[in-house]
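*Asks:* Fold the following.
(one chain, ligands or ions: 1)
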Amino acid sequence: MNPADHTNDIIRLNFNENCYGCSPLVREGIERVLLKELHLYPGAPVRLENELARRFGLSVDQVIAGAGSVRLIDGLIQTLVDETGELLIFENSFVAYEQLAQAHSKKYRLIRQRDFICEPLSILHSLKPETRLAFLANPNNPTGTIISHDQLEQLLVQLPSSVYLALDEAYVEYVTDPAYPDALSLLNRFPNLIILRSFSKMYGLAALRIGYALADATLCRAMKKKQIPFSINRVAEEAALLALEDQLFVDYCKKENEAGRNYLLKELGDAGFHPLPSQGNFIYLHFDQRDDASHAAKALAGRGILVSELSGSGPQGALRIGVGDQPVNSRVVECLQHFHLP
Ligand SMILES: Cc1ncc(COP(=O)(O)O)c(C=O)c1O
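*Replies:* Next comes the predicted model:
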């Protein structure tokens with residue numbers, strides 16, 4: 001794959017999308033469904049669930065596909081948190097947890113991060129008798145930080161079995177740190193662990209809305225009962241199956257992303273910014289003054305580059321910047337290097 005010419009494009013580095021698109025196998029393979037099956041209702045996504053179960057060595061009852069992992073987050077909140085229950089959500093984490101808790105009028109409390117990290121022990125310290133579910137994104141969006149296998153295991157050992165942990169691994173395929181948890185190996189030991197995954201990020205299928213959860217069979221059955229019929233469309237299921245076949249594409253994107261991530265971290269660090277080490281396909285830059293982040297975002301927007309401006313976990317502003325291909329990353333660096341505080 002050759003780097004694209006982005007000279008006149010608007011570059012979207014604000015949604016953590018895959019800058020390399022999706023696998024060519026997907027583009028070619030979904031043609032049959034697109035041309036011949038658009039008038040047919042989808043069935044339950046059993047082909048995909050069976051394939052995921054086979055790949056992960058699980059029973060198919062432990063797998064549930066959903067119309068994006070946000071739909072599964074929604075299902076978990078509806079299934080696990082009753083009127084008397086509450087949720088725990090880290091501040092400065094994936095916005096949908098809070099949005100969906102609010103949409104369902106569920107009680108929730110925010111847990112503070114420590115040094116931009118979702119510290120697992122903070123979950124334990126925040127528990128109340130009414131806590132039913134805690135969300136932990138690993139890597140965390142927007143900070144890109146991770147917790148290790150040992151930290152996860154320690155948390156699960158101490159977490160009461162009445163509290164579920166939704167471990168959101170939307171960016172798992174980008175992780176290169178060997179300390180990253182092998183959460184799958186803990187699934188059968190801890191029935192209160194739910195692993196959430198997405199086809200929107202590394203597999204580049206965000207438009208199609210497809211994701212999955214791996215969890216205890218009883219919980220998956222309960223969630224399937226609440227699913228909206230026909231909610232996973234035929235194109236999405238076919239595309240996800242094809243995407244799983246193309247390991248070369250995944251390997252390519254992972255390698256390029258790691259190189260781009262390292263480049264951005266080094267160059268922006270050298271330029272006096274404070275990037276956090278990231279394991280995702282984005283980096284997090286936090287600023288010392290509230291204003292700085294928005295001025296930097298405007299400077300980038302002036303060069304056609306859209307990034308995500310965040311309030312951060314304190315008064316200081318922050319930017320989340322997607323890792324692009326090399327020409328895009330150079331453009332980001334060049335723009336920020338010349339960016340002066342007002
Ligand atoms: C941590 C995290 N989980 C889930 C999602 C959403 O994934 P999906 O597109 O599968 O709903 C995102 C998207 O940004 C995310 O950052």
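*Asks:* which residues in the stretch 1-150 of the chain form strands?
*Replies:* Counting by DSSP state E, counting those that start in this stretch, the stretch 1-150 of the chain has strands at residues 11-12, 63-66, 86-90, 107-111, 131-137.
*Asks:* Mind checking these for the one nearest to the ligand?
*Replies:* strand 131-137 (4.1 Å; CB to the nearest ligand atom). C-betas here are computed from N, CA, C, even on glycine.
*Asks:* ok now that closest one, how far from the chain's centre?
*Replies:* Centre-to-centre, strand 131-137 and its host chain are 15 Å apart (CA atoms, centre = their mean, to the nearest Å).
*Asks:* what's near enough to touch His274?
*Replies:* Counting by CB atoms under 8 Å, 6 or more residues apart in numbering, His274 makes contact with Leu285, His286, Phe287, Asp288.
*Asks:* repeat for Tyr263
*Replies:* Tyr263 neighbours (CB under 8 Å, 6+ apart): Gln326, Asn329, Val333.
*Asks:* between those residues, which is nearest Pro275?
*Replies:* Val333 (11.1 Å; CB to CB).
*Asks:* from memory the closest one sits against Leu268, does it?
*Replies:* Yes: Val333 lies in contact with Leu268 (CB atoms under 8 Å); the separation is 6.5 Å.
*Asks:* re the thing from before, filter the contacts of Tyr263 to the buried ones?
*Replies:* Asn329, Val333 (16 or more other CB atoms under 10 Å).
*Asks:* now, which of the contacts of Tyr263 lie within strands?
*Replies:* Among the contacts of Tyr263, DSSP state E puts none in strands.
*Asks:* Pull the contacting residues for the residue in the stretch 1-150 of the chain that the ligand sits nearest to.
*Replies:* The stretch 1-150 of the chain approaches the ligand most closely through Gly68 (3.0 Å), counting by CB to the nearest ligand atom. For Gly68, the contact set (CB under 8 Å, 6+ apart) comprises Ser198, Ser200, Arg209, Ile210, Gly211.
*Asks:* near the ligand, from the residues you listed?
*Replies:* Residues of the contacts of Gly68 in contact with the ligand (CB under 6 Å from any ligand atom): Ser198, Ser200, Gly211.
*Asks:* Go through those residues and give me the one with the most neighbours.
*Replies:* Gly211 (27 neighbours; other CB atoms under 10 Å).
*Asks:* per-residue pLDDT, the nearest residue to that one once chain neighbours are set aside?
*Replies:* Nearest in space to Gly211, with sequence neighbours left out and distances taken as CB to CB, 6 or more residues apart in numbering, is Ser69 at 3.3 Å. At Ser69, the model reports a pLDDT of 97.
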